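# A structural model of the following input is requested.
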Amino acid sequence: MKTKTLFNRTTVSAMLVGLMAPLAIMVPQASAAIDTCTWTGGGADDNFMTTGNWSGCDNSNMPEAGDNLVFDADTSPKTVTGNATKQ
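The predicted structure is shown next:
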């Protein structure tokens with residue numbers, strides 16, 4: 001007597017993917033907070049990517065895309081060396 005299979009592995013896999021896909025929408029997405037990074041000029045140099053030159057940033061005290069940058073007249077150098085990289 002031959003047994004008939006109602007669902008093969010491909011069908012079961014497709015059904016599981018179909019059932020699980022909506023759950024991916026419900027998972028909260030991590031997003032970086034927008035910080036206000038203030039130039040302090042306290043680093044060893046005037047390079048943009050020197051951590052000691054910034055305060056108020058949550059990315060190892062470094063500005064990241066989307067952050068607000070503040071350059072106060074009292075602490076800003078005449079020239080900031082732009083050694084930032086585009087991501």
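
# low-scoring stretches of this protein, by residue?
1-32, 75-87 (pLDDT under 70).

# can you list phi and psi of Gly52 for me?
In terms of degrees, to the nearest 10, the main-chain angles of Gly52 are phi -70, psi -10.

# tell me the contacts of the closest residue to it other than its chain neighbours?
Leaving aside its sequence neighbours, Gly52 sits nearest to Gly43 (C-beta to C-beta, 6 or more residues apart in numbering; 3.3 Å). C-betas here are computed from N, CA, C, even on glycine. Going by C-beta atoms under 8 Å, 6 or more residues apart in numbering, Gly43 touches Thr50, Thr51, Gly52, Asn53.

# go again using 6 Å as the cut-off
Thr50, Gly52, Asn53 (C-beta atoms under 6 Å, 6 or more residues apart in numbering).

# which of these sits closest to Asn68?
Asn53 (15.7 Å; C-beta to C-beta).

# leaving out sequence neighbours, find the closest residue to that closest one.
Using C-beta to C-beta, 6+ apart, the closest residue to Asn53 is Gly43 (3.9 Å).

# now do Asp58
Closest to Asp58 by C-beta to C-beta, 6+ apart is Asp35, at 5.5 Å.

# the helix or strand harbouring Thr38: partners in the sheet, and parallel or antiparallel?
Element membership for Thr38 (DSSP states H and E) is strand 36-39. Within its sheet, strand 36-39 is paired with strand 54-55 (antiparallel), strand 68-70 (parallel), according to DSSP bridges.
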